[in-house]
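[1] The following block contains a protein sequence and its predicted model.
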Amino acid sequence: MRHEVTDADTAVAVGSGDVPVLATPRLIAWLEAATVRAAARFTESGQTTVGTGVRVRHVRATPVGGRVEVSAEPAASVAGGRVTFVVRAVDGSGRLVATGEIDRAIVDRQRFLARTPDPAADR
């Protein structure tokens, strides 16, 4: 998945810093989106995956206008309904921007949503 960094993707815009470069939270969102796409082959009808863990090192700044390509590959086979993905981001010149792992759990969509608390009940 390829992305071009815009002003909306910067640390300034998302509130994670005061410099106009790719924000770590936005980068993690892009990496998670890659894991969602990669996890689709492990799910059956009525199932989805949810994120359960993120371990990412953001090692290179990317300015507005820079391009970033993100990828996610399963680290091993699915075990107990969980899968860990090795994630990676590189810039337009092929330099490493980020590397790490993201964990996802395979869940039944309806059961998961049924167990999700209703925020109106907290009022």
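    Done, it's in.
[2] now for the biggest helix by length in the chain, which elements pack on it?
    Of all the segments of type helix in the chain, defined by DSSP state H, the longest one is helix 24-39. With contacts taken as 3 or more Cβ pairs under 8 Å, 6 or more residues apart in numbering; DSSP states H and E, helix 24-39 sits against helix 11-14, strand 47-58, strand 67-74, strand 82-91, strand 96-108. Using the backbone N, CA and C atoms, a C-beta is placed for each residue, glycine as well.
[3] can you pull the contacts of the residue most central in space within the chain?
    Central residue of the chain (Cα atoms, centre = their mean): Glu32, 1.5 Å from the mean position. By Cβ atoms under 8 Å, 6 or more residues apart in numbering, the contact list for Glu32 reads Gly51, Val54, Ile102.
[4] out of everything not next to it in sequence, what's closest to Gln110?
    Nearest residue to Gln110, sequence neighbours excluded (Cβ to Cβ, 6 or more residues apart in numbering): Gly46, at 6.8 Å.
[5] just checking, the one you found touches Ile106?
    No - using Cβ atoms under 8 Å, Gly46 is not in contact with Ile106; the gap is 10.9 Å.
[6] What count of nearby residues applies to Val21?
    By the measure other Cβ atoms under 10 Å, the count of residues near Val21 is 17.
[7] Is Val83 in contact with Ile106, as I believe?
    Yes - the pair Val83 and Ile106 passes the contact test of Cβ under 8 Å, sitting 7.2 Å apart.
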